[in-house]
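Peer 1: 3D, please:
(2 chains)
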Amino acid sequence: MFKEKKIEIYQNKSKKQIITTFFQDSVSAGFPSPATDYMENKLDLNEYLIKHPAATFIVKASGSSMSGAGILSGDLLIVDRSVSPRNNNIVIASIFGDLTVKKILKKNKSFFLVSANDEYPAIEVKEEMECFIWGVVTYVIHKTTT
Amino acid sequence: MLYTKQLPNNHYSLKKSIALIDCNSFYASCERIFNPKLMGKPIVVLSNNDGCIITRSSEAKSLGIKMGEPYFKAKKIIEKNKIKVFSSNYSLYGDISQRVMETLVKFSPEVEIYSIDEAFLSLNGFENYELNTYCSHIVEKIKKWIGIPVSIGVGSTKTLSKIANNLAKKNEDYQGVCILKEWLDVKNGLARTPIGDVWGIGRRLSMFLRSYKINNALDFINTDKGWIRKNMGVVGEKIYLELHGISCLELDLMPTNKKNCCVSRSFGKSVNKLIDLEESVTNYSSRAAQKIREEGLVAHSMNVFILTNYFNRREKQYSNSIKLQLPYPTNDSLQIVKNALLGLKKIYRKGYNYKKAGVILNELSKSSITKGLLDYKRDVSESIMKSMDLINSRYGNSTLKIASEGVENKWKIKREKLTPSYTTNFKDIIRVKC
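Peer 2: Numbering: from 1, shown residues only, chains lettered A, B, ... in the order given. All right, here's what the predicted structure looks like:
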């Protein structure tokens, strides 16, 4: 006596997608994209804004004293410490150990840190301020919409 | 080579130049970059969990703060002298270290990154008088570009460059650069180096050597080589040769693959519930998994361990560890956490106050060449992990985490005096007044 045996066979339905990135155009799909040969890398803002990654820091501006130079409160500043500060550069300076954004101005052997806003007086750099230039601001990133 | 038994030293300056660059009180210097007010002020940085002092600025050193001293023991001196105290901010120190190393690579084709704040550079081909100028230039550049003061020691071997570096740090006349290339300078330098300060000679050995009146490195190299080999073995002989200017330790240029990866921490306060241990073990396992993913590795097995506070003798003690074979080699946080929690349940015992837990991923190998038999879901797991890492790197660590990590985290380490991650998180970048 044998019992009837029932075997059910299921087929594995694979949904797995195999993606190959070897060609950007498939050959059979008609006319190939004429742009393929001209593909370049995407624009990279890091590369554009940061020339010396090891020496570059990002800080956030806070206050209105540099508004005339296009730096508003909340803007991001790219600061490159490898750049040697020159006259008229916008810099991060340390005065009495506090960091501040100002423009350097050299006038007859004395140095001034000036704001770009008439309401703020220029500061003449004196020995006792232990002033040093922390870095040079190379770019300002400003958001236009609020 | 001329060097035989007597090791004549007149050809000394002809041999190669190895520079050791070491950042001065590195963690303290990192804190100073974004807070210039701290310049010239005494600072200490605490270990994980705010337990011990692991970095002292030179000002703190001269106030008598000892390396490795428990924070609570030093509190009196700290408060009396208004020493600034920081929890260790490893995301900041790691980033600054990377910047220093990136800059160093520009100065030599051969660089060995030795630790977070030290690197060996090979500076062959320079005349001796050029070396000083070149090294001073490196010191200046790193100070200006990154804001970190460094000291450089140059010798013809690694061990000598370490000694030169110590001298550069101790004596301000060197202005951060000490070059021991001429034999006379080397001899002078060795005479000024206590035997315990020689690389590779620990406390025990230095006590042993002192009992034989070998008090400084010069005494050491004037000792009979056979005696050293007999009493200190091959290791001692290597130190001996290195101090004679004969290189035995090559620059390690290719970082070797890690063999294992451990993440373990002491808890902020001891815990006794399984749920708290589960949260911490989840956290450490996913951190470990993330670490090996960063290096493109997979683990074949793992260990989980827990222990009570050994120093608290009044409490019942228990510690245990378990080895778990992973079903297939993986770096998937979910898989690793799942296995870790299974293991934890097996070793957990009720009624103890646990102080520490940890996870070690073992038998690491390159993920690209390792596939397990049951590893058929690799691409799914890889894409989930990739997205998780991307989200966490963009929005900050632990933005996306495994639920069993919990929310409250009572066990979390203490970091009460932590500064912001100035360079690695947009939320934390420094605000500058204008």
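Peer 1: all contacts plus neighbour counts: C-alpha atoms, from now on.
Peer 2: Fine.
Peer 1: burial count for the nearest residue to B:Ser122 once chain neighbours are set aside?
Peer 2: Leaving aside its sequence neighbours, B:Ser122 sits nearest to B:Ile18 (Cα to Cα, 6 or more residues apart in numbering or on different chains; 4.7 Å). Using other Cα atoms under 10 Å in any protein chain shown, B:Ile18 has 27 neighbouring residues.
Peer 1: quick one: pLDDT of B:Ile18?
Peer 2: pLDDT recorded at B:Ile18 is 95.
Peer 1: Pull the contacting residues for it.
Peer 2: B:120-124, B:154-158, B:161 (Cα atoms under 8 Å, 6 or more residues apart in numbering or on different chains).
Peer 1: which residues does it bridge with?
Peer 2: For B:Ile18, the beta-bridge partners are B:Ser122, B:Gly155 (DSSP bridges).
Peer 1: How about the one 5 residues further on?
Peer 2: On the basis of DSSP bridges, B:Cys23 takes part in beta bridges with B:Val150.
Peer 1: Tell me where chain B has helices.
Peer 2: Per DSSP state H, chain B carries helices over the ranges B:26-33, B:58-62, B:71-80, B:90-105, B:128-145, B:158-170, B:183-191, B:203-211, B:217-221, B:225-243, B:274-294, B:333-347, B:378-395.
Peer 1: from the chain's centre, how far out does the third one sit?
Peer 2: The one in question is helix B:71-80. 25 Å (Cα atoms, centre = their mean, to the nearest Å).
Peer 1: hmm, who's touching stretch B:415-432?
Peer 2: Contact with stretch B:415-432 is made by A:57-62, A:99-101, B:31, B:34, B:48-50, B:85-89, B:91-92, B:95, B:395-396, as judged by Cα under 8 Å, 6+ apart.
Peer 1: Show me how to select, in PyMOL, the buried members of those residues.
Peer 2: To isolate the buried ones among those in PyMOL, judged by 16 or more other Cα atoms under 10 Å in any protein chain shown, type:
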select buried, (chain A and resi 57+58+59+60+61+62+99+100+101) or (chain B and resi 31+34+48+49+50+85+86+87+88+89+92+95)
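Peer 1: Need the per-residue pLDDT for residue 146.
Peer 2: By default, I'm working from chain A. Listed pLDDT for A:Thr146 reads 73.
Peer 1: Correction: the question concerned chain B.
Peer 2: pLDDT, B:Ile146: 97.
Peer 1: Tally up the residues packed near it, please.
Peer 2: For B:Ile146, using other Cα under 10 Å, the count is 24.
Peer 1: Am I right that it is in contact with A:Asp80?
Peer 2: No - at 9.7 Å, B:Ile146 does not count as touching A:Asp80 under the criterion of Cα atoms under 8 Å.
Peer 1: Find the residues that touch each one of these two.
Peer 2: Residues touching both B:Ile146 and A:Asp80 (Cα under 8 Å, 6+ apart) are A:Ala55.
Peer 1: low-scoring stretches of chain B, by residue?
Peer 2: For chain B, applying pLDDT under 70 flags the ranges B:1-14, B:254-258, B:371-376.
Peer 1: which of the helices of chain B sits most buried?
Peer 2: Among these, helix B:158-170 has the highest mean neighbour count (mean count of other Cα atoms under 10 Å in any protein chain shown), at a mean of 25.
Peer 1: Contact partners for whichever residue of the stretch 201-350 of chain B sits closest to chain A?
Peer 2: Nearest residue of the stretch 201-350 of chain B to chain A: B:Asp332, at 19.9 Å (Cα to the nearest Cα). By Cα under 8 Å, 6+ apart, B:Asp332 lies in contact with B:289, B:381-382, B:385.
Peer 1: Can I get the residues you listed in a markdown table including distance to chain A?
Peer 2: What follows is the contacts of B:Asp332, written out as a markdown table (distance: Cα to the nearest Cα, whole Å):
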| residue | distance to chain A |
| --- | --- |
| B:Ala289 | 26 |
| B:Ser381 | 14 |
| B:Glu382 | 15 |
| B:Met385 | 18 |
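Peer 1: Tell me the residues of chain A that contact chain B?
Peer 2: Listed as neighbours of chain B in chain A under the rule Cα under 8 Å from any Cα of the partner chain: A:53-66, A:80-82, A:94, A:96-102, A:115.
Peer 1: Kindly recompute the last result at 6 Å.
Peer 2: Counting by Cα under 6 Å from any Cα of the partner chain, chain A comes close to chain B at A:54-55, A:59-63, A:65, A:81-82, A:97, A:99-101.
Peer 1: Which secondary structure state is assigned to the residue nearest in space to the middle of chain A?
Peer 2: In chain A, the centroid-proximal residue (Cα atoms, centre = their mean) is A:Asn46; its distance is 5.4 Å. With DSSP: H, G, I helix; E, B strand; the rest coil as the basis, A:Asn46 sits in helix.
Peer 1: residue ranges with poor pLDDT in chain A?
Peer 2: Within chain A, the stretches with pLDDT under 70 are A:1-32, A:36.
Peer 1: returning to that earlier point: just put the helices of chain B in CSV and tack on distance to B:Ser365.
Peer 2: Shown next, in CSV, are the helices of chain B (distance: least, Cα to Cα, whole Å):
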stretch, distance to B:Ser365
helix B:26-33, 32
helix B:58-62, 42
helix B:71-80, 39
helix B:90-105, 24
helix B:128-145, 35
helix B:158-170, 30
helix B:183-191, 43
helix B:203-211, 36
helix B:217-221, 42
helix B:225-243, 30
helix B:274-294, 10
helix B:333-347, 15
helix B:378-395, 15
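Peer 1: right, and the ones you listed - which one's nearest B:Gly358?
Peer 2: B:Gly358 sits nearest to helix B:274-294 of all the helices of chain B, at 6.6 Å, using Cα to Cα.
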